[in-house]
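got a predicted structure plus its sequence, pasted below:
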Amino acid sequence: MSNQSVARPGLKAGRSNEFTLIMPLKPGGAERLRKKLASSSKFGNQNQVFADRIGTLHDLRFVIFDNDTRLLFATTFDDDWDAYINDFAALIPDLIDIVFEEVEDYPGIRSPNIKDYIVKSQVTSTYFYSAYPDASVRDIRKAMKVKSGLDVLLDAASS
């Protein structure tokens, strides 16, 4: 997957980008996908290590809709679209394929055609808001570490 300077879908607010895919599910794909997401600790709220590997990912969600015929995948990420897709392919390819193999005509995250496939399914939002448009995920994590350290100092000072 090359890093090309091509205009990509999606709105931007500062460093934050919205990313929304709407894709048709295979017959029975909704039920299989629900089971996969429910049974895999990697996708549960208790263990978000897989998503944290993508150091630019603010949030993500999967929504099955239209009587179990379509999947919405929506995220917010920092900076470059191509680098974001490359990170999914390099850092968590098997997990991405587990989910998206339930989508019609999905070529696999390692396919040389994956970016073209994604662009065909990507829908640009009508409006996009980011509470912290210039704060990257890394900036937020650093700020939380500073806050945690200050909390310890302040707690110690008030005892």
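Here it is on my side, so go on. Since this is a predicted model, take the numbers as computed values, not measurements.

residues contacting I22?
Going by C-beta atoms under 8 Å, 6 or more residues apart in numbering, I22 touches 70-72, 121, 123. Backbone N, C-alpha and C define where each C-beta goes, glycine included.

give the buried subset of these as a ChimeraX selection command.
In ChimeraX, this line selects whichever of the contacts of I22 come out buried by 16 or more other C-beta atoms under 10 Å:
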select :70,71,121
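
what stretches of the chain score poorly on pLDDT?
1-5, 40-50 (pLDDT under 70).

now do the SS call for the closest residue in space to T124 that isn't next to it in sequence.
The shortest distance from T124 to any non-neighbouring residue, by C-beta to C-beta, 6 or more residues apart in numbering, is to P9 (4.8 Å). Put simply, P9 is coil when judged by DSSP: H, G, I helix; E, B strand; the rest coil.

and P9, how many neighbours?
18 (other C-beta atoms under 10 Å).

and it, how far is that from F128?
Distance, P9 to F128, using C-beta to C-beta, to the nearest Å: 12 Å.

which residues do the two both contact?
Between them, P9 and F128 share no contacting residue under C-beta under 8 Å, 6+ apart.

strands of the protein, residue ranges please.
Counting by DSSP state E, one finds strands in the chain at the ranges 12-13, 16-24, 57-65, 70-78.

dump the residue contacts of the residue nearest to L72 when sequence neighbours are not counted.
Leaving aside its chain neighbours, L72 sits nearest to V63 (4.1 Å; criterion: C-beta to C-beta, 6+ apart). Each residue near V63 by C-beta under 8 Å, 6+ apart is listed here: 71-72, 74.

what is the nearest of these to D52?
Distance to D52 across these (C-beta to C-beta) is lowest for A74, with 18.1 Å.

the closest one touches L60, doesn't it?
Yes. When contacts are counted by C-beta atoms under 8 Å, A74 is listed as touching L60 (7.0 Å).

how many residues are close by the nearest residue in space to R15 that is not next to it in sequence?
Nearest residue to R15, sequence neighbours excluded (C-beta to C-beta, 6+ apart): D78, at 5.0 Å. Residues lying near D78 (other C-beta under 10 Å) number 22.
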